[in-house]
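Chemist: coords please:
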Amino acid sequence: MVHNAQRGLSAALDAICRVALFVSGIALIAMTVIVAYAVFGRFVLNDTPAWAESAALLLMGWMIMGAAAVGVREGFHMGFDTLKSVLPAAIGRIFDVISDLCITAFGIGMAWFTGELALEVADTTLPTIGLNGAVEYVPLMLGGVLITLFGIERLLAHAAGHLAPADQHPHPILTDA
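Modeler: Model prediction:
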């Protein structure tokens, strides 16, 4: 029963992971187009669009946070890999749990504190793009939520004695190659 629930959670988080990576990819493409348009405007038209830099920075937040959250799920986050290579496997597993606890705590803090920041600036408007000031913190807050969810999934796998999601998939979504 617990194994089926964990499998269901893992399938749902697989879908969320793919959506996060898709949004990151779209944000990267849009950011590239906007920066190219800004360069064209500056050097060819001699008229740089005022909104381009703010829009590109906003898209950069979406790109980075989605990819970072997927990196947590796939096991590309910082850990104790060098130290683990010289330790017995059982002790190395303890370091995996400690690493995943730290990452999960980081995700909780990031979601919480960027949520507070978003509330603080919700009554402002970004002058060059005309959006609510809180929109700058939404990708960071959602990234924190995703990092937390993926960290919890890894911790549940450790608690159940299973492999973490990155170790279960023969073909990870992201690679470090």
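
Chemist: list the buried residues of the host helix or strand of Ala159.
Modeler: Using DSSP states H and E, Ala159 falls within helix 138-160. For helix 138-160, a neighbour-count test (16 or more other CB atoms under 10 Å) marks 138-158 as buried. From N, CA and C alone the C-beta is placed, and that goes for glycine too.

Chemist: with stretch 52-59 instead?
Modeler: By 16+ other CB under 10 Å, the buried positions in stretch 52-59 come out as 52, 54-56, 58-59.

Chemist: tell me how far the helix or strand harbouring Ala11 lies from the chain's centre.
Modeler: Per DSSP H and E, Ala11 falls inside helix 2-43. Using CA atoms, centre = their mean, to the nearest Å, the mean C-alpha position of helix 2-43 is found 9 Å from that of the whole chain.

Chemist: chain center to the helix or strand following that helix: distance?
Modeler: For helix 2-43, the succeeding helix or strand toward the C-terminus, using DSSP H and E, is helix 51-74. Distance, stretch centre to chain centre, for helix 51-74: 8 Å (CA atoms, centre = their mean).

Chemist: and the angle from helix 51-74 to helix 2-43?
Modeler: On the basis of axes from the mean of the first three to the mean of the last three CA atoms, to 10 degrees, helix 51-74 is oriented at 160 degrees to helix 2-43.
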